[in-house]
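Trainee: Pasted the sequence and its predicted model underneath.
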Number of protein chains: 2
Amino acid sequence: MANNKKEIFCSNSQKIADFAKAISHPARIEILRILAEKNSCICGEIVLEIPLAQSTVSQHLKELKSAGLISGIIEGPRSCYCLNVEGIAEMSVIFGEFFSLIKIENIKCNC
Amino acid sequence: MANNKKEIFCSNSQKIADFAKAISHPARIEILRILAEKNSCICGEIVLEIPLAQSTVSQHLKELKSAGLISGIIEGPRSCYCLNVEGIAEMSVIFGEFFSLIKIENIKCNC
DNA sequence: TGACTTTATCGTATATTCACGATATACGTT
DNA sequence: AACGTATATCGTGAATATACGATAAAGTCA
């Protein structure tokens, strides 16, 4: 059988999982880091800093964009990317809620 | 070509990505939720609450365990699972650091 | 001992991810 | 107009993830 049972779970779980998937590759983590470091729109230097092929970096950028974590505008021959403040805030809130939920000190555990 | 360039990135990025991958499936999110809700070791009721085949749930449990987010002991015919407080705390800290890094209000962005 | 229960593991099929090179696109420059 | 530059997209292949049924393992109970 195949896989695609993800939609049977509650939407909050799906949202967390989707954000997590978006940042589940070190290249994408470092792209976000680079964008935060520059603290401004940058046009393409990302490819120079990530040791992957240009097409691969472009793919990672696309994933981050579709997850809502970055925004990008294509300006003819060059593109401008920056962090999407709203998306990152949403991820931060959702993760925060989830972490505080599971961070309960389960003292009853005797494993 | 194949994929396995993940080890060329810095270890912090890899660690974040690994934790993110561990929670990048809604079933695993809900397993963590169930464990937190019960607030104790539970033996197998997870399979009843997750609408997936028993073998699939077992696989998800294995992934969470290898990521250090849960601990489990096999007690003969049944297993006991609970949240791994240390692992969750580590994930929480690492994510918190990363989020605060990228949450900078990048007012210079003009995208 | 033999049946039953519970869970992990194996084998397998399909889907997705990751990575690359090649190409297309779109603009600027000469 | 022709060339160059920067970036996205396409096509492809390998690796991994997801899901299931079947089976194995290990204990309990009649």
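Mentor: Received, thanks. Numbering: from 1, shown residues only, chains lettered A, B, ... in the order given.
Trainee: tally of neighbours for A:Glu45?
Mentor: When counting by other C-beta atoms under 10 Å in any protein chain shown, one arrives at 11 neighbours for A:Glu45. The C-beta positions use only the backbone N, C-alpha and C, and glycine is treated the same way.
Trainee: I'd like to know how far it sits from A:Lys38.
Mentor: According to C-beta to C-beta, to the nearest Å, A:Glu45 and A:Lys38 sit 8 Å apart.
Trainee: what does A:Val47 give?
Mentor: 14 Å.
Trainee: residues from chain A in reach of DNA strand D?
Mentor: By C-beta under 7 Å from any atom of the strand, the residues of chain A that approach DNA strand D are A:1-6, A:43-44, A:47, A:54-55, A:58-59, A:61-62, A:72, A:74, A:77-79.
Trainee: low-scoring stretches of chain A, by residue?
Mentor: Scanning chain A for pLDDT under 70 picks out A:1-3, A:105-111.
Trainee: Try it again at 80.
Mentor: A:1-3, A:39-40, A:74-77, A:104-111 (pLDDT under 80).
Trainee: for it, what spans make up the strands?
Mentor: A:70-75, A:78-83 (DSSP state E).
Trainee: closest one to DNA strand C among those?
Mentor: strand A:70-75 (6.7 Å; C-beta to the nearest atom of the strand).
Trainee: From the chain's centroid, how far away is the closest one?
Mentor: Its chain's C-alpha centre lies 16 Å from the corresponding centre of strand A:70-75 when counted by C-alpha atoms, centre = their mean, to the nearest Å.
Trainee: so what strands line up beside it?
Mentor: strand A:78-83 (antiparallel) (DSSP bridges).
Trainee: ok, the one residue in chain A that gets nearest to DNA strand C - how many residues close by?
Mentor: Nearest residue of chain A to DNA strand C: A:Gly76, at 2.3 Å (C-beta to the nearest atom of the strand). The number of residues packed near A:Gly76 is 5, by other C-beta under 10 Å.
Trainee: now do A:Lys65
Mentor: Residues contacting A:Lys65 under the criterion other C-beta under 10 Å number 16.
Trainee: Just to check, it is in contact with A:Gly72?
Mentor: Yes - with contact defined as C-beta atoms under 8 Å, A:Lys65 and A:Gly72 form a contacting pair (5.5 Å).
Trainee: ok, the residue of chain A closest to DNA strand C to A:Cys43 distance?
Mentor: Between A:Gly76 and A:Cys43 the computed distance is 11 Å (C-beta to C-beta).
Trainee: do the same with A:Glu75
Mentor: Using C-beta to C-beta, which is the criterion applied here, A:Glu75 is 8 Å from A:Cys43.
Trainee: higher neighbour count, the two?
Mentor: A:Cys43 (13 against 10).
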